[in-house]
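1. Below are the sequence and a predicted model; questions follow.
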Number of protein chains: 2
Amino acid sequence: MPFTESATQPAQLDQQALIDALVRTSFVTMAVLTKIGAEHDLSLTQLRMLAILRDRRAKMSALADYLGLDKSTISGLVDRAEKRGLLQREANPVDGRSVEVVLTREGTELAARGATEIAGSLSPMTNTLNRAEMHRLTTLLERMLEHH
Amino acid sequence: MPFTESATQPAQLDQQALIDALVRTSFVTMAVLTKIGAEHDLSLTQLRMLAILRDRRAKMSALADYLGLDKSTISGLVDRAEKRGLLQREANPVDGRSVEVVLTREGTELAARGATEIAGSLSPMTNTLNRAEMHRLTTLLERMLEHH
DNA sequence: TATTGTTATACTCTATAACTATA
DNA sequence: TATAGTTATAGAGTATAACAATA
């Protein structure tokens, strides 16, 4: 499924091949994340939200920014996760309009388990490379991410 | 947002770093695809479906396999895309149960435009690498994809 | 007035279960 | 009986618009 295929200039062939590899890799990776999420009744978005909240409490508006979603969407996501006991809304004593979201113990545990399982599911792929190759690949990806 | 972070054995640090880079790269890539899809009122799934059908006609069941979705989901996706004039259902003369899906001219054009735009949107990222680096990165990604 | 969230609404995506038609 | 699709249904994810409360 060559998602992309259009540029056929001499110098652009390498770039085109890279983009195809990038897109295919991304679909494989997202499929792994989606599957692990599903095993815990979490959508990809819920999984991302837990990952964000693992490091820090966040305001509703900050979650909307991080996830690139409308604030009304966040209300629904947080509603459902809160109903499951994965997180809690907390009032901000300084600003009465603001609502902060914090993981519960259960949410923290689930996020940790998810992270472990993701690493486990991707490792068969990453382990096809030796350490030097892993290093090179990581460096190249990070270089690209910086310039994004 | 370190999606993954759990293994801290000496040899696993490189792998962990790679997995993080892989996941972050995937989210960036999927965000680009989602955005370009949205600009054409296409969900990521619809965009993938068009990409698949760009190369070949496909049975409903084949689409379900490619996309990893239930056949009932495919019925809905095809319904909506057909209503928009992007594709058509066609009867299979050999097997009366089977339904084949083919892009219309409009669907083909949209798929081509999408591919071009995806390449254009990802190129600022990929262009931060020189040709040799692109080559190396592509090779490493493809190596991993083979073993998936 | 501007900002932060919630709610009402509508549509897409998704799966499960029950169904129809064909093999 | 088994297979290929469709339909009915239900729930999650999403955005827009209107709203309430606070600043």
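-> Perfect, I can see it now. Numbers count the residues shown, from 1 in each chain, chains lettered A, B, ... in the order given.

2. Run through the residues of chain A sitting next to DNA strand D.
-> Counting by CB under 7 Å from any atom of the strand, chain A comes close to DNA strand D at A:43, A:45-46, A:67-70, A:72-73, A:76-77, A:80, A:94-97. Quick note: C-beta positions are derived from backbone N, CA and C, even for glycine.

3. Among the residues you listed, which lie within strands?
-> Among the residues of chain A next to DNA strand D, no member falls in strands (DSSP state E).

4. neighbours of the residue nearest to A:Y66 when sequence neighbours are not counted, just the number please.
-> Spatial nearest neighbour of A:Y66, excluding adjacent residues (CB to CB, 6 or more residues apart in numbering or on different chains): A:I52 at 5.4 Å. Neighbour count of A:I52, defined by other CB atoms under 10 Å in any protein chain shown: 19.

5. hang on, A:I52 packs against A:D65?
-> No. The criterion here is CB atoms under 8 Å, and A:I52 misses it with A:D65 at 10.3 Å.

6. All the helices of chain A, in order from the start?
-> All helices of chain A, identified by DSSP state H, fall at A:12-39, A:44-55, A:60-67, A:71-83, A:105-126, A:131-146.

7. Show me the one of those that comes nearest B:E106.
-> Among these, helix A:12-39 comes nearest to B:E106, with 23.3 Å by CB to CB.

8. in the closest one, what counts as buried?
-> Residues of helix A:12-39 classed as buried: A:14-30, A:32-33, A:36-37 (neighbour count, 16 or more other CB atoms under 10 Å in any protein chain shown).

9. Repeat that for stretch A:73-81.
-> A:I74, A:L77, A:V78, A:A81.

10. Same question for stretch A:128-146.
-> A:T128, A:L129, A:E133, A:M134, A:R136, A:L137, A:T138, A:L140, A:L141, A:M144.

11. biggest separation within the buried residues of stretch A:73-81, which pair?
-> Top of the distance list for those (CB to CB): A:I74 and A:A81, 10.3 Å.

12. Tell me who's in contact with A:L140.
-> Contacts for A:L140 (CB atoms under 8 Å, 6 or more residues apart in numbering or on different chains) come out as B:L129, B:E133, B:R136, B:L137, B:L140.

13. can you do 7 Å?
-> Taking CB atoms under 7 Å, 6 or more residues apart in numbering or on different chains, we find A:L140 in contact with B:L129, B:E133, B:R136, B:L137.

14. Nearest to A:L103, out of those residues: which one, please.
-> B:L137 (35.2 Å).

15. Let me know whether that closest one touches B:L129 as I believe.
-> Yes. The pair B:L137 / B:L129 is scored as a contact, 6.5 Å apart, by CB atoms under 7 Å.

16. For B:V102, state which of the residues of chain A next to DNA strand D is nearest.
-> A:S43 (31.8 Å).

17. May I have the phi/psi pair for the closest one?
-> Main-chain torsions, A:S43, degrees, to the nearest 10: phi -70, psi 170.

18. Count residues in the vicinity of it, would you?
-> The burial count for A:S43: 13, using other CB under 10 Å.

19. ok, now which ones touch it?
-> A:G37.

20. ditto for the one 10 residues further on
-> Contacts of A:L53 were listed using CB under 7 Å, 6+ apart, and they are A:L87, A:V101, A:L103.
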